[in-house]
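>>> For reference, the sequence and a predicted model appear below.
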Amino acid sequence: MARLTRAEIDAFWRDGYLMVENAVSPAQLAALRSEIAGWVEESRAHTAPFGTPTIDGRPRFDMGAEHTAARPALRRINNPSDISEAYLDVMRNAATVDMVADLVGPDVKFHHCKINLKLAGARTEVAYHQDFAYTPHTNDDVVTALLFLDDIDEDNGCLTVVPGSHRGPMHSLFEGERFTGGVAADEERRALATSVSCVGKAGSVCLMHTRLLHGSAANRSDAPRGLYICVYSAADAVPIARNPMPSPNEGRIVRGHEARFARLKPGLIELPKQPKSASFFTVLGQESKQAAE
């Protein structure tokens, strides 16, 4: 069933992103938020990344170096759909999946998911980058659905994007031979000068093209900022680098049917370095609690 209008679809392909309100049901949103509250409470008892490991052996939960029991800084949950029925349901069945199908479907498959949290007092930032540089595929019909778990504004570390940048060049995430995870400083300055803020109520979604340049600042408020981030692709887009967040659900067809052929888009693609820590924030120079001890 189509969820997006023709005007919304055209806006996505023009700008590289689209904001949609009420992207999940109130019951789905409440279930997601309840799980988050429990995980934040659980994190108070830990002083290092923790939790049932992901299938590549890394901890599922990661905290910033500023994390304490009194003031948690849980910042990343890897593939929560592996451990939560509520997150699995939204990954497979929410209206957001139909929206992705309207953009790159009708045949859509799942790649990975994560939660990025910025709790009050957390220092987490996201350097400007393009997702395709982390998860290159044979073509770029890849969409990231960023579901707002909280009301998000410019004070609590909202996503900022550069409209139209998905139609421009891919930017390197390397400085010489070192993988930094973010674009060069001069490119980030240009991005900041032309960025727009993606703000909205809990339950909204930002649908983002994989090549769109984006980042986010730290949370300067007392209100949390959580995003449930699911990455989907057209069924005929095949990964050409190892998934940085592998899951038993990787490659699951969530709409339509499997593809018999891979569709190839010509060009050179710089291959990423894979993170070895619990989250890519350490690649960006933001130590985890464990690394700070």
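Now that the structure is in, tell me what you want to look at.
>>> Please make it C-alpha for all contacts and neighbour counts, starting now.
Noted.
>>> Check Q274 and give its pLDDT.
The score at Q274 is 75. That number is its pLDDT.
>>> which residues touch D236?
258-263 (Cα atoms under 8 Å, 6 or more residues apart in numbering).
>>> Looking at this structure, which helix is longest?
Counting by DSSP state H, the longest helix found in the chain is helix 26-43.
>>> Buried residues, it. List them.
28-29, 31-33, 35-36, 40, 43 (16 or more other Cα atoms under 10 Å).
>>> elements contacting it?
In this structure, helix 26-43 makes packing contacts with helix 85-93, judged by 3 or more Cα pairs under 8 Å, 6 or more residues apart in numbering; DSSP states H and E.
>>> Run the angle between the helix it packs on and helix 26-43 for me.
Counting by axes from the mean of the first three to the mean of the last three Cα atoms, to 10 degrees, helix 85-93 lies at 140 degrees to helix 26-43.
>>> Return helix 85-93 as CSV; C-alpha atoms alone will do.
Output of helix 85-93 as CSV, limited to C-alpha atoms (Å, rounded to 0.1, in the frame of the first residue of the first chain):
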residue,chain,number,x,y,z
GLU,A,85,10.2,-8.0,19.6
ALA,A,86,9.1,-4.4,19.6
TYR,A,87,12.1,-3.3,17.5
LEU,A,88,11.8,-6.4,15.2
ASP,A,89,8.1,-5.5,14.6
VAL,A,90,8.9,-1.9,13.6
MET,A,91,11.8,-3.1,11.4
ARG,A,92,9.5,-5.5,9.5
ASN,A,93,6.0,-4.1,9.8
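>>> Now it: buried residues?
Buried residues in helix 85-93, defined by neighbour count with 16+ other Cα under 10 Å: 86-88, 90-92.
>>> Now do the contacts for the most centrally placed residue in the chain.
Centroid-nearest residue in the chain: I229, 3.9 Å away (criterion: Cα atoms, centre = their mean). Counting by Cα under 8 Å, 6+ apart, I229 makes contact with 113-116, 144-147.
>>> And for D140?
132, 210-211, 237, 265.
>>> could you redo the last one with a cut-off of 10 Å?
D140 is in contact with 104, 132, 166, 209-211, 233-234, 237-238, 263-265, counting by Cα atoms under 10 Å, 6 or more residues apart in numbering.
>>> Just send these back as a markdown table, with neighbour count, secondary structure and distance to S172 too.
Below are these laid out as a markdown table (neighbours: other Cα atoms under 10 Å; DSSP: H, G, I helix; E, B strand; the rest coil; distance: Cα to Cα, whole Å):
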| residue | neighbour count | secondary structure | distance to S172 |
| --- | --- | --- | --- |
| V104 | 17 | helix | 25 |
| F132 | 24 | helix | 11 |
| H166 | 22 | helix | 14 |
| H209 | 28 | strand | 17 |
| T210 | 24 | coil | 14 |
| R211 | 25 | coil | 12 |
| S233 | 28 | strand | 22 |
| A234 | 28 | strand | 24 |
| A237 | 23 | coil | 21 |
| V238 | 21 | coil | 21 |
| R263 | 17 | coil | 24 |
| L264 | 13 | coil | 21 |
| K265 | 12 | coil | 19 |
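>>> could you pull out the helices for the stretch 151-293 of the chain?
185-194, 289-292 (DSSP state H, counting those that start in this stretch).
>>> what about the stretch 151-293 of the chain, any weak spots by pLDDT?
275-293 (pLDDT under 70).
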